[in-house]
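Peer 1: Structure for this input, please:
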Amino acid sequence: MIIDLPRFLIEEQKYWSELEQQLDQMEREPTSRLTLEQVRRFHYLYQRACADLVKIQTSAHEPAVSGYLESLVARAYSEIYESRARVQAGPKRILRAFGAFPRAFRRHLQAFALSVLLTLAGMVFAAGALYFDAEAKAVIMPFPQLRGSPSERVRQEEKGESDRSEGNRAGFSAFLMTHNIRVSVFALSLGITGGIGTAMLLFYNGAVLGAVAADYVQAGEGVFLLGWLLPHGVIEIPAALIAAQGGFVLAGAWLGGNRRKSLVGRLREVSSDLVILISGTAALLVWAGLVEAFFSQYHEPALPYSVKIAFGCVELTALAFYLLAVGGKETRVKATPGTEGTEGT
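Peer 2: Coordinates of the predicted model:
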C-alpha cells in the first residue's frame, strides 16, 4: 500500500501530539488516576499510533517518523502493560493507605455485625450466670486477680499499691501489643475452620468481659470500671472485633459463598482486604497498648475518672468517624482490554 506521506502526516500528527501530551502528564504525575473516558481515549490513541507505525514501516521509508512513532508506541505500551506498582509520592501514598482500612472495613459490615452479636451474646451469658450464681465467677474468670473482691482491687489501685515504675510500664505496654496482635491474627486465621473457631473465641472473650463488668457493677464500682476500661477498651475491643471480622470474611471465601469461582479465586479476591484489616487492627492495638500501660492504670486521686471517661468517649467518637466516614465512596471501573481498572475515592 502506497500512502500520501505529506497528507498522512498532516492528518495523524494531532493524534500523536495528543498521545505524547498524555504520556508526559502521566510521567509528571505518576499517582494520578484516569477516568474511564480518559482510559478509553488513551487506548484509542495508542492503537492508532500502532497502526500508523505499521503503515510507515511498510509503505514509506521515513526513518525519522518511524523512530518517533516507535518511541511513542513503546512509552504508551509500558504505561498500559507494566505490572509493577507506580511509585507514589509520600503524602498521597499515606493518605491512600489511611483510607484503605476504613474502606475494607465497610466492605464487610455484615461480618463485623456478626462479631458484635457473638461478643454481646457472651457478655449477656456471663453476666446472667454471675447474677444467678456467684460461684460461676471462679469458672468464668480466666485470671486469679480478677476473682478477688472488686472493692478491694479498687482500694489497692487508688492507694497506688500496684507497681507504676516507668520501666515496668514500658515492658507491660510491649507485652500488651504483641500479645493482643498475636491473638488477633489467631482470631482471623481461625476463619479457616469455617468461622467456628472465630465464633467460639468471640463468645469466650465476650463472656470474660461481661463477667468482669457484671462483677464490678454489682459491687458498686461501675465508675471505676469505666475509668479503667474505657481509655484503652474503646480501641482494643473494636480492634479484636475487626480481626474476627476478617476471620468471617476468610470463612466465607473458604466455604465458597460464590460457587462460580474456585477456592483459589475466592481467597485471592479477599486476600487484599484481609491484609488491610489485620494491618489496621495491629495499628489500633499498638495505640491501645500504649494507652493501657501509661494512662488506663492511673486512677484517682492521681487522675480523675471523669477525665479518663471523657478521653475514652473522644477516642470512641474519633474511631467511629474514621471507620464510617473516612476514605470516601469507592468506585470501581471494569477494565477494558489492554487497560487497567481504576479505583477512586
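
Peer 1: Let me know the pLDDT of G197.
Peer 2: Listed pLDDT for G197 reads 94.

Peer 1: what about it, distance to P238?
Peer 2: Per C-beta to C-beta, to the nearest Å, G197 is found 20 Å from P238. (C-beta placed from N, C-alpha, C; glycine too.)

Peer 1: These two: which has the busier surroundings?
Peer 2: Comparing G197 with P238 by other C-beta atoms under 10 Å, the one with more neighbours is P238, at 23 against 17.

Peer 1: Not counting its neighbours along the chain, what's nearest the more buried one?
Peer 2: Residue nearest to P238 in three dimensions, not counting chain neighbours: L319, with 6.2 Å by C-beta to C-beta, 6 or more residues apart in numbering.

Peer 1: Can you verify my assumption that the one you found contacts E236?
Peer 2: No - if you go by C-beta atoms under 8 Å, L319 and E236 don't touch, sitting 10.8 Å apart.

Peer 1: Show me whatever sits in contact with both of these two.
Peer 2: Both L319 and E236 are contacted by L284, under the criterion C-beta atoms under 8 Å, 6 or more residues apart in numbering.

Peer 1: Which of the two has more residues huddled nearby?
Peer 2: Taking neighbours as other C-beta under 10 Å, L319 and E236 compare with E236 leading, 22 against 17.

Peer 1: Check the secondary structure at the more buried one for me.
Peer 2: Recorded secondary structure, E236: helix (DSSP: H, G, I helix; E, B strand; the rest coil).

Peer 1: In contact with it, which residues are there?
Peer 2: 180, 284-285, 288, 292.

Peer 1: tell me the least confident of those residues?
Peer 2: For the contacts of E236, the least confident entry is N180, with 81.

Peer 1: ok, and the closest non-adjacent residue to that residue?
Peer 2: Nearest residue to N180 in three dimensions, chain neighbours excluded: L285, at 4.5 Å (C-beta to C-beta, 6+ apart).

Peer 1: I'd like to know how far that neighbour sits from I237.
Peer 2: In terms of C-beta to C-beta, L285 sits 11 Å off from I237.

Peer 1: out of these two, which sits in the busier spot?
Peer 2: Using other C-beta under 10 Å, the more surrounded residue of L285 and I237 is L285, with 26 against 18.

Peer 1: what helix or strand is that one on?
Peer 2: Using DSSP states H and E, L285 maps to helix 263-291.

Peer 1: try I80
Peer 2: Following DSSP H and E, the helix or strand that holds I80 is helix 63-81.

Peer 1: other SSEs contacting that helix?
Peer 2: If you count contacts as 3 or more C-beta pairs under 8 Å, 6 or more residues apart in numbering; DSSP states H and E, helix 63-81 packs onto helix 5-28, helix 36-59.

Peer 1: in that helix, what counts as buried?
Peer 2: 65, 68-69, 72-73, 75-76, 79 (16 or more other C-beta atoms under 10 Å).

Peer 1: could you give the angle of it to helix 36-59?
Peer 2: Counting by axes from the mean of the first three to the mean of the last three C-alpha atoms, to 10 degrees, helix 63-81 lies at 140 degrees to helix 36-59.
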